[in-house]
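Student: fold the stuff below for me.
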Amino acid sequence: MPVLVITGTGTEVGKTVTTAAVAATALAAGRSVAVLKPAQTGVRPDERGDADEVARLAGPVTTLELARFPEPLAPATAALRAGLAPVRPQEVADAAAKLATEHDLVLVEGAGGLLVRFDDAGGTLADVAQHLDAPVLVVASAGLGTLNTTELTAIELRRRGLDFRGVVIGSWPDCPDLASRCNLADLPAVAGAPLLGAVPQGAPALADFAVRAPSWLAPRLGGTWDAEAFTAREAPPGVPVRAES
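Tutor: You can find the predicted model right below:
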């Protein structure tokens, strides 16, 4: 899979940290990695963006940011308010395809959720994935409310005929509540796709992030994380264990 599109079920679900974990795992396997951020919002020109954070955590990756807008808004709105040209899905796809000729893996990290608009024509990350015919990895939160947003994302991916690779929990709590623990079984059920990892809460602060990253991701993403064993350990009694499929 030369290109992997990474989206979230919303904002602040751990998408950038998950992207870094996927990148670090690929680097550990000897693969060259590029990280493409189509539109970075909510940062000044002199601030570090999400692609920079991936490089800090994962190690030597190529980073490319196509556009940057100062206000923390959807890219289309942020571009309009800044008086700047928006990013369009075909531009993103072209940039990813070029990076794919020079790297073993290209990770395209979206902004917010799957259908957040890039431009005034309604272009989204889903359109980027369609242009590239690339698989999509969904990053979800652990707790209450995640089942609805995950299922809605899954429905849209399938409606468009996209390859839904699976779900990663972007921040697994140190002390998970009952909803989070039950969601280990419910997330793959509502998504109709396997659970492919759980990144621990506080992972960005770990000095050995890159070393530990493969242990948070399933073999399908190059890691060693065992969904069945994790669910059996963390889920409450009586919750069915669903192995990766």
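Student: show me where the chain dips below the pLDDT cut-off.
Tutor: 1, 239-245 (pLDDT under 70).
Student: let's see it at 50
Tutor: 245 (pLDDT under 50).
Student: then the one helix or strand residue 57 maps to to CSV, C-alphas only?
Tutor: Using DSSP states H and E, residue 57 sits within helix 50-58. Output in CSV follows, covering the C-alpha atoms of helix 50-58 (Å, rounded to 0.1, in the frame of the first residue of the first chain):
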residue,chain,number,x,y,z
ASP,A,50,0.9,18.3,12.4
ALA,A,51,3.4,17.0,9.8
ASP,A,52,6.2,18.4,12.0
GLU,A,53,4.8,16.7,15.0
VAL,A,54,4.8,13.4,13.1
ALA,A,55,8.4,13.9,12.2
ARG,A,56,9.3,14.7,15.9
LEU,A,57,7.7,11.5,17.1
ALA,A,58,8.4,9.1,14.3
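Student: so which elements touch that helix?
Tutor: helix 15-28, strand 33-41, strand 62-69, strand 105-113, helix 209-212 (3 or more C-beta pairs under 8 Å, 6 or more residues apart in numbering; DSSP states H and E). Bear in mind the C-beta positions are built from the backbone N, C-alpha and C, glycine included.
Student: hmm, 6 Å instead?
Tutor: With contacts defined as 3 or more C-beta pairs under 6 Å, 6 or more residues apart in numbering; DSSP states H and E, helix 50-58 has these neighbours: helix 15-28, strand 33-41, strand 62-69.
Student: and the last one with strand 105-113, angle?
Tutor: Pointing back at strand 62-69 there. On the basis of axes from the mean of the first three to the mean of the last three C-alpha atoms, to 10 degrees, strand 62-69 is oriented at 20 degrees to strand 105-113.
Student: leaving out chain neighbours, which residue sits closest to residue 173?
Tutor: residue 201 (5.2 Å; C-beta to C-beta, 6 or more residues apart in numbering).
Student: do you know how far the one you found is from residue 17?
Tutor: Residue 201 sits 10 Å away from residue 17, going by C-beta to C-beta, to the nearest Å.
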